[in-house]
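Student: 3D, please:
(chains A, B, C and D)
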Number of protein chains: 2
Amino acid sequence: MPTYARLVTGASVDVLEPGSAPWWHAHSERLRRRRPRAGGLTVERIVDEAIDLVDAEGLEALTVRALTARLGTSSATLYRHVASVEELLVLVIDRVLGDIELPDPDGSGRERTMQLAIEFRRVLLEHPGVVPALRASPLLGPNALRSAENGLTNLVDAGYPPAVAIQGYLAIVDYILGSAFFDTAGVVDRRPDRVSGGGADLDPSFFAAQRAAIDGVTGEDVFRFAVTALLDGLAAAS
Amino acid sequence: MPTYARLVTGASVDVLEPGSAPWWHAHSERLRRRRPRAGGLTVERIVDEAIDLVDAEGLEALTVRALTARLGTSSATLYRHVASVEELLVLVIDRVLGDIELPDPDGSGRERTMQLAIEFRRVLLEHPGVVPALRASPLLGPNALRSAENGLTNLVDAGYPPAVAIQGYLAIVDYILGSAFFDTAGVVDRRPDRVSGGGADLDPSFFAAQRAAIDGVTGEDVFRFAVTALLDGLAAAS
DNA sequence: ACCTGAACACCGTTCAAGT
DNA sequence: ACCTGAACACCGTTCAAGT
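Tutor: Numbering: from 1, shown residues only, chains lettered A, B, ... in the order given. Below is the predicted model of the structure:
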């Protein structure tokens, strides 16, 4: 049984849910023990190539065969570095979240909250194809935790009592993810037969259409408006 | 070429994007022309069975073969009633949205807004497995439009200027969908090997875990809090 | 006129057999 | 010690052949 997880981390490990806290722990252990050969395949190269593929052709184009063809190996080889597609998606997500630049620490808590929200959204919209995978696992990777910690700190620094800060944080994150999720609908499917179809089959999403119909109201406008409203509501609840 | 769409609505129709406005138009035409035999398969039966299957075993269990086995026919038969799985999902979504009960018209605009939001969320959480399919197409089905119209009317009746009402509506809908989306993560995957695993592989999502960690703060609490905050922010922007 | 067995071109994943 | 061709058990979808 030469599955990767069994070989490297013991038979019990492939039971761990990819993206769970114990899985992340086992994963970092795994990476530490790696002694990659020059020119050989690495998890990093696999994840980078996967993101490029999804950005170019959408999530449904991310198949083991397509990815390994790009990497110049056979599909079976992938499984020496990654236990499953599910695991690959978990790594892709945290990699993307690593692009989030934390806000200038000199700003006020409220300014930093807005900055982080906009930056979070920016990163997600930069990789629309990846967005649906956000839900496939809890966001417990190192990059996810780094942003979460910063987000909570910003709200506490803004002066909200901890209980309010937590609720506000959860509400804002749900909103960021929800808005990114639905603002990227329709952008993601890049199957050639759709793109070349023209007209009706390129129908944007309902919400995008509504926004476009209202002069000057962009997804970004609604986003700033909503986050501001949430922050004001937070103040009222304190 | 006996594909359903070609047979009934003409060769150009199977180019229509399922869930788009022209597709919905063609679909209602199609249903009007149907003269179903007694005991025969109907789109309604297919959709009902699909929802039952997804509720019981999750979205990834919804395969043509599994569904037609439940319906007592062969997989090929499904394609006489539905053009593709994508189309089936569009019908499933609008069917679920049909469960939304519109708020008591005697309430104030603000009360109705909150009622509709909570009811929308309730329906989505009742069918956690279908939630990810919400993004697969624009929400332009008859039931989706019915709720959207009500939602906008409620905000206008609450006294917000139309421009504010629209932005508020979009923000609230994004939030409802986002919160349902992430609150149902982890609940959806009911593959037997996961459910029986116990412990680590049942890890709830990050946000659910955080909520559970804070005594008495439920997803519902955060939801009411966030919608209230958005409404208050709306008032401030008017 | 309706239904379907068998096939097609895909998936993710495994493993015996190569080097 | 690492890689991979070929296979396995699935997908969604099609269509010739049945009734």
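
Student: from here on, just use CA atoms for contacts and neighbour counts.
Tutor: Fine.

Student: for chain A, which residue occupies the most central location?
Tutor: Centroid-nearest residue in chain A: residue A:93, 4.0 Å away (criterion: C-alpha atoms, centre = their mean).

Student: elements contacting the helix or strand that contains it?
Tutor: If you go by DSSP states H and E, residue A:93 is part of helix A:85-97. Packing partners of helix A:85-97 (3 or more C-alpha pairs under 8 Å, 6 or more residues apart in numbering or on different chains; DSSP states H and E): helix A:43-57, helix A:109-126, helix A:142-157.

Student: who touches the longest helix belonging to chain A?
Tutor: Counting by DSSP state H, the longest helix found in chain A is helix A:162-183. Residues from elsewhere that reach helix A:162-183, judged by C-alpha atoms under 8 Å, 6 or more residues apart in numbering or on different chains: A:117, A:120-121, A:124-125, A:131-132, A:151-152, A:155-156, A:205, A:207-208, A:219, A:223, A:227, A:230-231, A:234, A:237-238, B:135, B:171, B:174-179, B:181-182, B:207, B:222-223, B:225-226.

Student: tell me what angle it forms with helix A:109-126.
Tutor: 30 degrees (axes from the mean of the first three to the mean of the last three C-alpha atoms, to 10 degrees).

Student: okay, the angle between helix A:162-183 and helix A:142-157?
Tutor: Using the same axes, to 10 degrees: helix A:162-183 against helix A:142-157 is 130 degrees.

Student: before we move on, the earlier item: out of the helices and strands packed on helix A:85-97, which gets nearest to residue B:100?
Tutor: Closest to residue B:100 of the helices and strands packed on helix A:85-97, according to C-alpha to C-alpha: helix A:109-126, at 29.7 Å.

Student: hmm, that closest one in reach of chain B?
Tutor: No - Helix A:109-126 lies apart from chain B when judged by C-alpha under 8 Å from any C-alpha of the partner chain; the minimum separation is 13.3 Å.

Student: for that helix, what is the average pLDDT?
Tutor: For helix A:109-126, mean pLDDT is 96.

Student: just the angle between that helix and helix A:85-97, please?
Tutor: 130 degrees.

Student: pull out the buried positions in helix A:109-126.
Tutor: A:109-121, A:123-125 (16 or more other C-alpha atoms under 10 Å in any protein chain shown).

Student: show me what that helix is packed against.
Tutor: Identification of packing neighbours for helix A:109-126 by 3+ C-alpha pairs under 8 Å, 6+ apart yields helix A:85-97, helix A:142-157, helix A:162-183, helix A:219-237.

Student: take those and lay them out in a markdown table including mean pLDDT and distance to residue B:161.
Tutor: Output for those, formatted as a markdown table (pLDDT from 0 to 100; distance: least, C-alpha to C-alpha, whole Å):
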| stretch | mean pLDDT | distance to residue B:161 |
| --- | --- | --- |
| helix A:85-97 | 96 | 37 |
| helix A:142-157 | 93 | 30 |
| helix A:162-183 | 86 | 23 |
| helix A:219-237 | 85 | 15 |
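
Student: for DNA strand D, find the nearest of those.
Tutor: helix A:85-97 (14.2 Å; C-alpha to the nearest atom of the strand).

Student: roughly how far is the closest one from the heart of the chain?
Tutor: Here helix A:85-97 is found 8 Å from its chain centre; the criterion is C-alpha atoms, centre = their mean, to the nearest Å.
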